[in-house]
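Q: next input, structure requested:
(one chain, ligands or ions: 1)
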Amino acid sequence: MSQARLKIEVARAALEYVKPDMVLGVGTGSTVNAFIDELAESGIRVKGVVSSSEATSARLREIGVEIMDLNHTGDLELYIDGADEVDEHKRMIKGAGGALTREKIIAAASRRFVCIVDETKCVKVLGEYPMPVEVLPMARAFVARKLVGLGGRPELRQGYTTDNGNLILDVRKLDIMEPVKLESEINQIPGVVTCGLFARRPADVVLVATESGIRRRS
Ligand code: 5RP
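A: Purely as a prediction, here's the structure:
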């Protein structure tokens, strides 16, 4: 089965968590795009969505879903999003799509985080994939030096500005044996908005699309 097909399968499986009239959070990326298509197809009418990016908001508006402001919704029952890597403890690296900060806020404000991935995203130890860090523009070089001090190889994502007007450093070679500690350490560097390690608030459920069907970790 192609990776695109696996994404569609897992997106469809996530519909089980979506109830009519609910307000949910929706992330960013190609798996989430498949979820939005499946949501449209399902005919489930949600009350609204708190979206993690302008790209997701545009797609949701196209299918007639109202975009809501987290400042007005209060905490959310459900958050659906993909990931770049996920380990056995449901900790993740996220942010290839550059939406990591809003994703982390929505994840923190949600009672249940359902992560949807295909099996290529499952790893024993996080860190094969470069970890994105969103930084304020004036702190780019300073933060990069600090990340080198932590053993990383940061690279500026060229020609890219986040929806929040900031930059992304993609960091390779980090030793992520203690993800909770490293997440806090990186987030403490002045100028860092947030890093793409999702360990302090892991997913609650991970749905994994495999050749032999959907596997669920909860
Ligand atoms: C965006 C993300 C995405 O969830 C992650 O990059 C996975 O994307 P895709 O579903 O396209 O593989 O964190 O910021």
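
Q: and the chain, which residues reach the ligand?
A: Within the chain, the positions adjacent to the ligand are 27-31, 81-84, 94-100, 103 by Cβ under 6 Å from any ligand atom. In short, each C-beta sits where N, CA and C put it, glycine included.

Q: report the buried members of these.
A: The neighbour count (16 or more other Cβ atoms under 10 Å) marks 27-29, 31, 81-84, 94-100, 103 as buried among the residues of the chain next to the ligand.

Q: how's the chain carved up into domains?
A: Annotated domains of the chain cover 3-124+200-217, 131-196 [automatic domain parsing].

Q: got JSON lines for the ones you listed, with mean pLDDT too?
A: Below are these laid out as JSON lines (pLDDT from 0 to 100):
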{"stretch": "domain 3-124+200-217", "mean pLDDT": "98"}
{"stretch": "domain 131-196", "mean pLDDT": "98"}
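
Q: show me what contacts the residue nearest the centre of the chain?
A: Geometric centre of the chain, nearest residue: Lys94, 4.6 Å, by Cα atoms, centre = their mean. For Lys94, the contact set (Cβ atoms under 8 Å, 6 or more residues apart in numbering) comprises Gly27, Asp81, Gly82, Ala83, Asp84, Leu100, Glu103, Lys104, Pro132, Gly196, Phe198.

Q: picking that back up, can you tell me which of the buried ones among the residues of the chain next to the ligand is nearest Gln188?
A: Leu100 (16.5 Å; Cβ to Cβ).

Q: nearest spatial neighbour of that closest one, skipping sequence neighbours?
A: Gly196 (4.5 Å; Cβ to Cβ, 6 or more residues apart in numbering).

Q: could you dump the helix or strand hosting Val206 to PDB, C-alpha only?
A: Val206 is part of strand 205-210 when elements are defined by DSSP states H and E. Extracted C-alpha coordinates of strand 205-210, given in PDB (Å, rounded to 0.1, in the frame of the first residue of the first chain):
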ATOM      1  CA  VAL A 205      -3.900   7.700  21.600                       C
ATOM      2  CA  VAL A 206      -1.700   6.900  18.600                       C
ATOM      3  CA  LEU A 207      -3.400   5.300  15.500                       C
ATOM      4  CA  VAL A 208      -0.800   3.700  13.200                       C
ATOM      5  CA  ALA A 209      -1.700   2.700   9.700                       C
ATOM      6  CA  THR A 210       0.100  -0.500   8.700                       C
END
